[in-house]
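Student: got a predicted structure here, sequence first:
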Amino acid sequence: MDKFLFLCSLSASAGVMDLQYFLCWRVAPLFLLMPCGLHCMSVHVLNEEPVHVIPGSSLVLKAQIEPGPSEEVSVITWEREPETGIAPERVTLATCPGRSPECTGTRPNVHVNTKQHETTLQINGYSRADSGVYAVTVTDNRGTKTTAHCIVREYEAVHHVSLSINVSHSSLVCGEAWGTNPNFSWLYERDAVTQTVGQVSKDGTTLVLSMTPICGHFTCVVSNKLGYSSATYSAGPCEKEGKGTSAVVVCLVLLLLLFGGLLAFLLWRRYRSNNRGERLQNHLDDTV
């Protein structure tokens, strides 16, 4: 505020009696009426929300406090309320003096520690009941309160993976119910997908096929920190390489066997006919 008044005085001393100078002194009283002038205390949670926590682990929330030049932190309060509901009930987790480095919460597993311009809430043994909207409220020495919020949710395992084919776009689409931070990967016949098979989208949910015809087994694997689940799409069986050549070879072998059998039969007929003629000639000679 002092800098603002100095600029207004500087404009007046420079003889700038214009609309800018008039507006400058018109706006000045508005800043005087503000409860904390140009330097209000601010607080914001450093965690990127929503924060997902694995059950049984520890929830840690950090908030940064920026007081004004003449302000001091008097009280720090951490609270929680349900994320949804008509009339959510707010629960106080801890109320700590601003100068106290450590503070015990309302429950044995709740702890708060405060450093210069920073406060940290830690809840050990996180459970589903600890999910909700967390609020940190900082009260200064004048009684002014500033609040920041953060959404905390339970880290969910992967559930119900599904796989479908979009025939018109020659693509496979993988879906998952409600797992937290799902990661998608693709397999073709139990091996990683290559460019020959297709290309995976940036989010990993879609496999655009490039192979023709579409055949074999395609598997979508969805995983996160708590495990994985998969689904498989089975297309028609693929023709193996050299199948046509093998069929030709089989046909040739069958023809050779057939020809060989026919030749053997003819030779046997000829041999039998010759043998019968010789026996008949011998019989006639004996009779004469």
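Tutor: That came through, no problem. Just so we're clear, the structure is a prediction, and the values are computed from it rather than from any experiment.
Student: skipping its backbone neighbours, what lies nearest residue 174 in space?
Tutor: Once flanking residues are discounted, residue 174 sits nearest to residue 220: 3.6 Å by C-beta to C-beta, 6 or more residues apart in numbering. (Each C-beta comes from the backbone N, C-alpha and C, glycine too.)
Student: OK, contacts around that neighbour?
Tutor: By C-beta atoms under 8 Å, 6 or more residues apart in numbering, the residues touching residue 220 are 161, 163, 172, 174, 184-186, 207, 230-232.
Student: CA atoms only for the strand or helix carrying it, dumped as CSV, please.
Tutor: If you go by DSSP states H and E, residue 220 is part of strand 217-224. The C-alpha trace of strand 217-224 is given here as CSV (Å, rounded to 0.1, in the frame of the first residue of the first chain):
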residue,chain,number,x,y,z
HIS,A,217,-4.9,-64.1,-30.1
PHE,A,218,-4.7,-60.5,-28.8
THR,A,219,-4.4,-59.8,-25.0
CYS,A,220,-4.8,-56.5,-23.2
VAL,A,221,-3.1,-56.3,-19.8
VAL,A,222,-4.1,-53.6,-17.3
SER,A,223,-2.0,-53.0,-14.2
ASN,A,224,-1.3,-50.6,-11.4
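Student: picking up where we left off before, filter the contacts of residue 220 to the buried ones?
Tutor: With burial judged by 16 or more other C-beta atoms under 10 Å, the buried subset of those is 161, 163, 172, 174, 184-186, 207, 231.
Student: which one of the contacts of residue 220 is nearest to residue 43?
Tutor: Closest approach between the contacts of residue 220 and residue 43, by C-beta to C-beta: residue 184, at 37.7 Å.
Student: helix/strand/coil for the closest one?
Tutor: Assigned with DSSP: H, G, I helix; E, B strand; the rest coil, residue 184 falls in the strand class.
Student: what's the distance between the spatially closest residue to it that is not a sequence neighbour and residue 155?
Tutor: In space, and not counting its chain neighbours, residue 184 is closest to residue 204: 3.1 Å by C-beta to C-beta, 6+ apart. For residue 204, the distance to residue 155 (C-beta to C-beta, to the nearest Å) stands at 19 Å.
Student: ok, back up a step: output the next helix or strand after the strand holding residue 220 as PDB, nothing but the C-alphas.
Tutor: The helix or strand immediately downstream of strand 217-224 is strand 227-234, counting by DSSP H and E. What follows is strand 227-234, C-alpha atoms only, in PDB (Å, rounded to 0.1, in the frame of the first residue of the first chain):
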ATOM      1  CA  GLY A 227      -1.700 -55.900  -9.400                       C
ATOM      2  CA  TYR A 228      -3.000 -56.600 -12.900                       C
ATOM      3  CA  SER A 229      -5.900 -58.200 -14.900                       C
ATOM      4  CA  SER A 230      -6.200 -59.100 -18.500                       C
ATOM      5  CA  ALA A 231      -8.700 -59.900 -21.300                       C
ATOM      6  CA  THR A 232      -8.100 -61.800 -24.600                       C
ATOM      7  CA  TYR A 233      -9.700 -61.600 -28.000                       C
ATOM      8  CA  SER A 234      -9.400 -64.600 -30.200                       C
END
